[in-house]
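A.B. asks: A structural model of the following input is requested.
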Amino acid sequence: MDAVTLSLPPVPVRTVCASASTSSSVPITNSWSVTARQRLWSQRTRPRFRNYSSAVPQLTVTCGAGVVEINETQFKETVLKANLPVLVEFVATWCGPCRLISPAMEALAKEYEDRLTVVKIDHDANPRLIEEYKVYGLPTLLLFKNGQEVPESRREGAITKSKLKVYVDDLLKSTSVS
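C.D. replies: Purely as a prediction, here's the structure:
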């Protein structure tokens, strides 16, 4: 095996001489000047972004072609009077797990479009629905069939796409029997 030699830049050395007497001056040797240290410090503490408004991205929960975003006024017509079962996802724009499962929900909506309708409801914009359906965690998934919430369909938190499919398949099987 060949030896590898690395050449490193010189490291500033600081030497402090300890003395029992506090009245004597202690020589401190530092290879960096005061201005060089100040320059280095200002470079470390200087913000990396000049335009603060663009430094923080605005994150939103978006809906593609498969998932429809509805509000309180559309809920009765879209969910309670629907012919197909409706999977309702309660989300918020500030919710990380909501953004995390958004692509899985989109894929699910497209894959199950002939058997299931998928809708999103913004938590912050629809407080009456949040209170009525006791949504405590986000994202919350509820399945509705024939205008009623399907018992045992409530699911809170992020979920992988494969587990989401199993969850929906089990619910659709249980609701088709009744």
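A.B. asks: which residues of this structure fall in helices?
C.D. replies: Applying DSSP state H to the chain gives helices spanning 34-45, 52-55, 72-75, 96-111, 127-132, 161-177.
A.B. asks: mind listing what's buried in the last one?
C.D. replies: This points to helix 161-177. Buried residues in helix 161-177, counted by 16 or more other Cβ atoms under 10 Å: Leu164, Lys165, Tyr167, Val168, Leu171, Leu172, Thr175. Any C-beta I mention is one placed from the backbone N, CA and C, and that applies to glycine too.
A.B. asks: Need the residues that contact that helix.
C.D. replies: 85, 87, 101, 103-105, 107-108, 111-112, 115-116, 141, 143, 145, 150, 152-153, 155, 159 (Cβ atoms under 8 Å, 6 or more residues apart in numbering).
A.B. asks: State the mean pLDDT of it.
C.D. replies: The pLDDT scores in helix 161-177 average 90.
A.B. asks: Please save the CA atoms from that helix in CSV.
C.D. replies: The C-alpha trace of helix 161-177 is given here as CSV (Å, rounded to 0.1, in the frame of the first residue of the first chain):
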residue,chain,number,x,y,z
LYS,A,161,-47.1,5.1,0.2
SER,A,162,-47.1,1.3,0.6
LYS,A,163,-48.8,1.5,4.1
LEU,A,164,-51.2,4.0,2.7
LYS,A,165,-52.3,1.6,0.0
VAL,A,166,-52.7,-1.2,2.6
TYR,A,167,-54.7,1.2,4.8
VAL,A,168,-57.0,2.2,1.9
ASP,A,169,-57.4,-1.4,0.5
ASP,A,170,-58.4,-2.6,4.0
LEU,A,171,-61.0,0.2,4.4
LEU,A,172,-62.4,-0.3,0.9
LYS,A,173,-62.8,-4.1,1.6
SER,A,174,-64.5,-3.5,4.9
THR,A,175,-66.9,-0.9,3.5
SER,A,176,-67.9,-3.0,0.4
VAL,A,177,-69.2,-5.8,2.7
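A.B. asks: All good on my end, thank you.
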